[in-house]
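> Sharing a model that was predicted from the sequence below.
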Protein chains: 2
Amino acid sequence: MAVNHADPQKSFGHQVRRCHRRFDRLLSARLAPHGLKTGFWYYLRALWIADDVTQKQLSDLTNVTETTTVSMINGMIRHGLVDRSRDLADKRKMRVKLTPEGRALEKELIGYALEINAIAMAGIAPKELATCLSVLSRMSANLQIALDETTNADDG
Amino acid sequence: MAVNHADPQKSFGHQVRRCHRRFDRLLSARLAPHGLKTGFWYYLRALWIADDVTQKQLSDLTNVTETTTVSMINGMIRHGLVDRSRDLADKRKMRVKLTPEGRALEKELIGYALEINAIAMAGIAPKELATCLSVLSRMSANLQIALDETTNADDG
DNA sequence: GATTAATTCATCGATATAAAAGTATATGTG
DNA sequence: CACATATACTTTTATATCGATGAATTAATC
């Protein structure tokens, strides 16, 4: 072994990516009969909980860039799921709100969130699940700090 | 609260997705100075460990579909990182091998895998990390079973 | 209050990913 | 052996995502 390479099976980057792909594919399979893609799902999920938010807030809630949010919201508007209107107090901001159609999807689809998480968690001890969730959260925070440092370093 | 919706913060789908995005963004930032994208990274990582594999095997190693592998390998060939040749024993198969250039990148880049994982793991107890890795692995397996069932159900 | 900074959103071009359908080859079964 | 089925790959088309850049608006500073 000329180079000391980590075993991907023990790499969080690798394992998190694999797990994410499978969550996304299973969700995609569940949404397909409803004519919906996972891209919209994450926004709907956020809006069902906090409706009438800015695109910046939505981007934070869905963990994507504001660029992605623009095109996703455009798509959702075309599909009649949300409305967009300029914020009167701060004209830079756009406020995104569910239409009745978008709101109505909650009853129809929210079960998939519970079902798919239940499938993933099957046979795993609650204590282990809690630890994993906590570790994921702390890793996300650690990575965000590194990302901020990387961005700031470019400025100076 | 009309509908019982799970808190995304407690949803593995949500937390795994968020963590994945941040891993991918930090990796992207590290690779950028080398003119490389994360898309190639996962293939290089697999090939550094198991060179001379079929595209099917590569797809399994990188957790993407064979469709994705075709376009990624085409790109890597254009960049001189791998060669592709037909398997003589089974002419359906294509064998993918690193070029010296692709092989040489290991020494240059493998450190990022270790660095980024170390950043993510900072301040987290080894026991918790081990639990999380194990849970991720079991969740991936659970989800794959559900995916296989979904696919098979379509056939019959 | 004029100028500079930061914030928010949009546009454009590129990359990453997958499903569906098609082609070539191999395998299994009568 | 012939035919049906399975496997491996490719092509096409669509979706999801981001970085770089720019425009409009607000906030900060002098």
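All right, it came through fine. Numbers count the residues shown, from 1 in each chain, chains lettered A, B, ... in the order given.
> how about the residues of chain A near DNA strand C?
A:21, A:25, A:28-29, A:32, A:54-56, A:59, A:66-67, A:70-71, A:73-74, A:84, A:87, A:90, A:92-94 (CB under 7 Å from any atom of the strand). Every C-beta, even on glycine, is put in place using the N, C-alpha and C of the backbone.
> and if we set it to 6 Å?
Applying CB under 6 Å from any atom of the strand, we find that chain A lies next to DNA strand C at A:Arg21, A:Arg25, A:Ser28, A:Thr54, A:Gln55, A:Lys56, A:Glu66, A:Thr67, A:Val70, A:Arg92, A:Lys93, A:Met94.
> With distance to DNA strand D and neighbour count added, can I get the residues you listed in JSON lines?
JSON lines is the format used below for the residues of chain A next to DNA strand C (distance: CB to the nearest atom of the strand, whole Å; neighbours: other CB atoms under 10 Å in any protein chain shown):
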{"residue": "A:Arg21", "distance to DNA strand D": "11", "neighbour count": "19"}
{"residue": "A:Arg25", "distance to DNA strand D": "12", "neighbour count": "19"}
{"residue": "A:Ser28", "distance to DNA strand D": "8", "neighbour count": "16"}
{"residue": "A:Thr54", "distance to DNA strand D": "12", "neighbour count": "17"}
{"residue": "A:Gln55", "distance to DNA strand D": "12", "neighbour count": "17"}
{"residue": "A:Lys56", "distance to DNA strand D": "12", "neighbour count": "13"}
{"residue": "A:Glu66", "distance to DNA strand D": "8", "neighbour count": "12"}
{"residue": "A:Thr67", "distance to DNA strand D": "4", "neighbour count": "9"}
{"residue": "A:Val70", "distance to DNA strand D": "8", "neighbour count": "14"}
{"residue": "A:Arg92", "distance to DNA strand D": "5", "neighbour count": "8"}
{"residue": "A:Lys93", "distance to DNA strand D": "8", "neighbour count": "16"}
{"residue": "A:Met94", "distance to DNA strand D": "11", "neighbour count": "17"}
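> out of those, who's near chain B?
A:Arg21, A:Arg25 (CB under 8 Å from any CB of the partner chain).
> From the residues of chain A next to DNA strand C, which land in helices?
If you go by DSSP state H, these have A:Arg21, A:Arg25, A:Ser28, A:Gln55, A:Lys56, A:Glu66, A:Thr67, A:Val70 in helices.
> between those, which is nearest B:Ala104?
Distance to B:Ala104, by CB to CB, is smallest for A:Arg21 among these, at 28.8 Å.
> Identify the residues contacting the closest one.
B:Asn63, B:Val64 (CB atoms under 8 Å, 6 or more residues apart in numbering or on different chains).
> Against B:Asp7, how distant is it?
23 Å (CB to CB, to the nearest Å).
> again, but for A:Asn63
A:Asn63 is 15 Å from B:Asp7, by CB to CB.
> more crowded one of the two?
Comparing A:Asn63 with B:Asp7 by other CB atoms under 10 Å in any protein chain shown, the one with more neighbours is A:Asn63, at 20 against 8.
> if I pick the more buried one, what's in contact with it?
Applying CB under 8 Å, 6+ apart, we find A:Asn63 in contact with A:Tyr42, B:Arg17, B:Arg18, B:Arg21, B:Arg22.
> near chain B at all, the worst-scoring helix or strand of chain A on mean pLDDT?
Lowest on mean pLDDT, DSSP states H and E among the helices and strands of chain A sits helix A:126-155, with a mean of 89. Yes - using CB under 8 Å from any CB, helix A:126-155 comes into contact with chain B via A:128-129, A:131-140, A:142-144, A:146-147, A:150.
> Tell me the buried residues in that helix?
A:128-129, A:131-133, A:135-136, A:138-140, A:142-143, A:146-147 (16 or more other CB atoms under 10 Å in any protein chain shown).
> Which residues of chain A lie near DNA strand D?
A:Lys37, A:Thr38, A:Gly39, A:Val64, A:Thr65, A:Thr67, A:Thr68, A:Ser71, A:Asp90, A:Lys91, A:Arg92.
> just for chain A, where's the confidence low?
A:1-6, A:152-156 (pLDDT under 70).
> So which residue is smack in the middle of it?
Taking CA atoms, centre = their mean, the centroid of chain A lies closest to A:Thr62, which sits 3.9 Å from it.
> What sits closest to that one if chain neighbours are left out?
In space, and not counting its chain neighbours, A:Thr62 is closest to A:Tyr42: 4.5 Å by CB to CB, 6 or more residues apart in numbering or on different chains.
> you'd agree the one you found is in a helix?
Yes - counting by DSSP: H, G, I helix; E, B strand; the rest coil, A:Tyr42 is part of a helix.
> For it, give its distance to A:Asp24.
Distance from A:Tyr42 to A:Asp24, by CB to CB: 10 Å.
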